[in-house]
Every structure is written in C-alpha cells, then in structure tokens.
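Trainee: What follows is a predicted protein model with its sequence.
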Amino acid sequence: LMASQAGVVNTFWAVFVPVLFNPFGVYLGRIFSQGYVPDEVLEASRMDGAGELQTYLRVSLRMLGPGLVTVFLFQLTAIWNNFFLPMVMLSDQNLYPVSLGLYTWNSSATVTPDYYPVVVTGSLLAIVPLIAAFVLLQRYWRSGLTAG
C-alpha cells in the first residue's frame, strides 16, 4: 500500500528499496564489531593521533572485512532469491527477476513440455552469479577465521 501511494509500483525501486535494510544484518554487524575490534586497538589508534573517522576508516573497517562480507553475502542471497515481493509489486514481465522469470517459464512448461530444458538451463545459469560471489569473496572469510 505504501509503494502504491508513493507511485513506485511496477518499477525497479518497488523491489529494491524494501530489501536494502536488513535487521539481521544490522544485528550481526553490531555483534561482530563489538567482539572483533578490541578496545586496545582503538585506544592505540587514538594515542597515535588519529581522529575518530580516521580510526574507523583505517583500523576498524579493515578489521571488520569478514563480517561485512558475511552480511553482504547474506543480503545478496536474499535479494537474488526474492520471489514474493517482486510477484506482488511487478506486473510487467520485463522487470521480473530471475526467480520469478523461472517460475513463469515453469508454468509455461506444464502446458508445453518443450520448455523443460529451458527451465533447467535457466535454473543452472541463475545460480552462477551466487557461486561466483561466494568463490570470489571466500578469501575474506578464510582470513577472518585464521585471524580469530
């Protein structure tokens, strides 16, 4: 109803904006930062003459890399697999995400069985970006595990 009042129904923004902020991501980021960045490191940075912003950017943010990558991958997976929100917000099939497009193809495959190979191939190709993201960002997880 709020998206309809704002006039963003059947647009990219109706699907993108609601999934930007994840309460679990905020919670995980807070808990991770409390436990992973020692107060001694922050105090040493302040003693060296760094300001709060400089301490955050040069010390804390670099230490929080594994936690930020974890939150990013959780969020990426949730957005990529999102089904219900696009189904409700979008009526133009050109705006459908991969999951909803595969559902549409699968519905067509029940009528015309020739579409089954297309659905299976589309499903295989739909997971390639997620696998690539996990493989490319895996080194940050490994560095976080070995540092602890």
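Mentor: Nice, thanks for sending it over.

Trainee: Can you list the low-confidence ranges for the chain?
Mentor: 142-148 (pLDDT under 70).

Trainee: which parts of the longest helix along it are buried?
Mentor: Using DSSP state H, we find that the single longest helix of the chain is helix 128-147. Neighbour counts over helix 128-147 (16 or more other CB atoms under 10 Å) mark 133, 137, 140-141, 144 as buried. Yep, even glycine has a C-beta here, placed from its N, CA and C like the rest.

Trainee: Check stretch 93-107 too.
Mentor: In stretch 93-107, counting by 16+ other CB under 10 Å, buried: 95-102, 105-106.

Trainee: Which one of those is nearest to V26?
Mentor: Nearest to V26 among those, counting by CB to CB, is P97 at 24.0 Å.

Trainee: My read is that the closest one contacts L85, right?
Mentor: No. Assessed by CB atoms under 8 Å, P97 is found out of contact with L85, at 9.3 Å.

Trainee: Could you tell me how far the residue located most distally from the centre of the chain is located from T55?
Mentor: Each residue of the chain has a distance to the centre, and by CA atoms, centre = their mean the biggest one is for M47: 36.5 Å. As defined by CB to CB, to the nearest Å, M47 lies at a distance of 11 Å from T55.

Trainee: Show me which pair in the buried residues of stretch 93-107 is furthest apart.
Mentor: Greatest spatial distance in the buried residues of stretch 93-107: L95 and N106, 18.5 Å, computed using CB to CB.

Trainee: what about the closest residue to Y115 other than its chain neighbours, how many residues close to it?
Mentor: Of all residues not flanking Y115 in the chain, A109 sits nearest, at 3.7 Å (CB to CB, 6 or more residues apart in numbering). Counted by other CB atoms under 10 Å, the residues lying close to A109 total 16.

Trainee: Now do the same contact list for A109.
Mentor: Under the criterion of CB atoms under 8 Å, 6 or more residues apart in numbering, the contact list for A109 reads 115-116, 118-119.

Trainee: Please save the CA atoms from the strand or helix carrying G101 in PDB.
Mentor: Element membership for G101 (DSSP states H and E) is helix 98-111. The C-alpha coordinates for helix 98-111 follow below in PDB (Å, rounded to 0.1, in the frame of the first residue of the first chain):
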ATOM      1  CA  VAL A  98      15.400 -14.400 -12.400                       C
ATOM      2  CA  SER A  99      13.400 -16.400  -9.800                       C
ATOM      3  CA  LEU A 100      10.100 -15.000 -11.000                       C
ATOM      4  CA  GLY A 101      11.000 -15.500 -14.600                       C
ATOM      5  CA  LEU A 102      11.900 -19.100 -13.900                       C
ATOM      6  CA  TYR A 103       8.500 -19.600 -12.200                       C
ATOM      7  CA  THR A 104       6.800 -18.100 -15.300                       C
ATOM      8  CA  TRP A 105       8.800 -20.400 -17.600                       C
ATOM      9  CA  ASN A 106       8.000 -23.400 -15.400                       C
ATOM     10  CA  SER A 107       4.300 -22.500 -15.600                       C
ATOM     11  CA  SER A 108       4.600 -22.500 -19.400                       C
ATOM     12  CA  ALA A 109       6.400 -25.800 -19.300                       C
ATOM     13  CA  THR A 110       3.400 -27.600 -17.800                       C
ATOM     14  CA  VAL A 111       1.400 -26.600 -20.900                       C
END
